[in-house]
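Colleague: Sharing a model that was predicted from the sequence below.
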Amino acid sequence: MFHVEHQVAKCDLITPRFVINPTTRQHLNCMASAWEALEGLSVDDTCGEALSYQHCRARDFESPSTLTPGALRYTDDTAMALGILECLSLFKTIKQDALAWVFAKNFKSDPDRGYGKMTPRTLTQLSEAGSWRTISASAFGTGSFGNGSAMRGGPLGAYFSQDLGQLCAAATASAQVTNFHLEARAGAIAVAIATAEAVNCRHLPRDEACASIWQSVIKWTPEGMTLSALKLAHTFQSGSTADEVARAVGCGHEIFCPDTVPFAIWNTCRSIHDFTEALLSTIEVGGDCDTNAAIVCGIVAAYGTDAGIIRALACCARKSPCHRTETMTPLAQTTNCPSRN
Ligand SMILES: [Mg+2]
C-alpha cells in the first residue's frame, strides 16, 4: 500500500497533469491489499498441495523456503482467486456474468489445476455460453456447497475491507456463480470477513485482532451448518491443538464449506502472528490441505505477517510450470500419511 501511495505522490510531483482521482487512488490501494492476500493464499495453496500426501511429516520441512521452485505448483484455489482479482481490476466490483466468463476462460486455458469433480463440469458448461444461474443452481440438485466458494474469499475480503456490508454482497455474488447453496455463501462470507478484519486490525496485537475477527465472522455469517461449526470452533481455547479442533469440526475431508472454514478460521487465529507455524500446523492435520492452507495464509498475509517470505515464494509459484509432487525430495520418497477417515 505504501508503495502505491509513494508512486502516486512521486507521479503528482513530476507530472501534475496525471493526478489520480480519489476513487482511482482508493481502488489501487484496495487492489494492493487484495494482491497481498492473494500472495499469501497462493503460497499456502502451493505448499499445501506439495505436502498433502506427506502432511503428517510437514514439519520435516524446517522452513517453507526449503521447497524448491521446481516442486511448486498452485492449484484451483489460486486460479480462482486470480479470477476474482481479474474481475475486480476490470469492474471494481463483482459482476456475476463477467466473473463466470473469467472463471470459464481461465479453466479452459489451464484446466490441470486440481479442480474438484463438479467444478470442471460447471466451468465447461459456462464456457459453452450457458447461464451461470441455471448451471450453478442445478449442481447436485440444490447447488454446490463445496469449499470452492470460500477458498477464493481472501482477496475479496481484503479489497472490500472498508465496507463489510458491501463485502458480504460481493462474497455472496462471487459464491453463487459456481456454488449456489446457502452454505457456500456462508463459507465465502466467513473467509472474506475474516480477511477484511485482518486488514483492519493490522495495527492491533494478535489477541485483539483475533477477537475482532471472531466477533465479525460470527456476526456476518448467515445461519446454518457453517455458522454452527464456527461457533463450536470458537469454544476451543488458544491452547488447544490444531488436531483437536480438526477432529471436532473437520478439516476439509468432505471439501464442503461447513467442514473446511471453521477449522481454517480457528487455526488462523491461533497462529496469525507466525507464518510458518500457520502454514505447517494447517497442513499437518491433513484433509483438504491446499485449500485449508490457502484460506489460512490469505488471512495471515492480510494481517501483514512475514510478507517477505510470502512474496518470495509467491514469485516462485507464479513462475512455476505444472509439476507433480514426485519431483520433491525427500518427503515424496516416503510412505504417504494415513488418512484421518
Ligand atoms: Mg486446490
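Modeller: Yes, it's here.
Colleague: The closest residue to residue 261 other than its chain neighbours: how many residues sit nearby?
Modeller: Leaving aside its sequence neighbours, residue 261 sits nearest to residue 187 (C-beta to C-beta, 6 or more residues apart in numbering; 4.6 Å). All C-beta spots, glycine's among them, are computed from the backbone N, C-alpha and C. Per other C-beta atoms under 10 Å, the neighbour tally for residue 187 reads 36.
Colleague: swap in residue 100?
Modeller: Residue 100, neighbours per other C-beta under 10 Å, totals 25.
Colleague: Skipping adjacent residues, who's closest to it in space?
Modeller: residue 132 (3.9 Å).
Colleague: Before we go further, the residue nearest to residue 261 is sitting in a helix, right?
Modeller: Yes. Residue state for residue 187 (DSSP: H, G, I helix; E, B strand; the rest coil) corresponds to a helix.
Colleague: on that earlier part again, so the residue nearest to residue 100 sits against residue 102, correct?
Modeller: No. With contact defined as C-beta atoms under 8 Å, residue 132 does not reach residue 102; the gap is 11.2 Å.
Colleague: picking up where we left off before, am I right that the residue nearest to residue 261 is in contact with residue 259?
Modeller: No. Contact criterion C-beta under 8 Å: residue 187 and residue 259 do not qualify, at 9.9 Å.
Colleague: Look at the residue of the stretch 101-250 of the chain at minimum distance from the ion and tell me its secondary structure.
Modeller: Here the stretch 101-250 of the chain gets closest to the ion at one residue, residue 114, 4.8 Å apart by C-beta to the ion. Following three-state DSSP, residue 114 is assigned to coil.
Colleague: Ramachandran coordinates for it?
Modeller: phi 70, psi 30 (degrees, to the nearest 10).
Colleague: Report the separation between the closest residue to it other than its chain neighbours and the ion.
Modeller: Distance criterion C-beta to C-beta, 6+ apart; nearest residue to residue 114, sequence neighbours excluded, is residue 75 at 4.1 Å. From residue 75 across to the ion, the span is 3 Å (C-beta to the ion, to the nearest Å).
Colleague: quick one: contacts for residue 75?
Modeller: 45-46, 49, 113-114, 290 (C-beta atoms under 8 Å, 6 or more residues apart in numbering).
Colleague: Kindly recompute the last result at 6 Å.
Modeller: 45, 49, 113-114, 290 (C-beta atoms under 6 Å, 6 or more residues apart in numbering).
Colleague: tell me the contacts of residue 78?
Modeller: By C-beta under 6 Å, 6+ apart, the residues touching residue 78 are 42, 45.
Colleague: tell me which parts of the stretch 151-300 of the chain are close to the ion?
Modeller: Counting by C-beta under 5 Å from the ion, the stretch 151-300 of the chain comes close to the ion at residue 290.
Colleague: right, and the residue nearest to residue 100 touches residue 177 too?
Modeller: Yes. Using C-beta atoms under 6 Å, residue 132 is in contact with residue 177, at 5.1 Å.
Colleague: Please identify which of the two sits among more neighbours.
Modeller: Higher neighbour count among residue 132 and residue 177: residue 177, with 28 against 22, using other C-beta under 10 Å.
Colleague: Residue 94 versus the more buried one, what's the distance?
Modeller: Separation of residue 177 from residue 94 (C-beta to C-beta, to the nearest Å): 9 Å.
Colleague: count of neighbours near residue 21?
Modeller: 8.
Colleague: Quick check: phi and psi at it.
Modeller: The phi/psi pair for residue 21 (degrees, to the nearest 10) is phi -70, psi 160.
Colleague: and what of residue 146?
Modeller: Dihedral angles (degrees, to the nearest 10) for residue 146: phi -60, psi 160.
Colleague: Retrieve the pLDDT associated with it.
Modeller: In this model, residue 146 is scored at 94, pLDDT.
Colleague: pretty sure it is in contact with residue 255, am I right?
Modeller: Yes. Using C-beta under 6 Å, residue 146 is in contact with residue 255, at 5.5 Å.
Colleague: neighbour-wise, which of these two wins?
Modeller: residue 146 (27 against 19).
Colleague: residue contacts, the more buried one?
Modeller: Listed by C-beta under 6 Å, 6+ apart, the contact set of residue 146 reads 116, 179, 255.
Colleague: Lowest-confidence one in those?
Modeller: Among the contacts of residue 146, residue 116 carries the weakest pLDDT, at 84.
Colleague: Lovely, talk soon.
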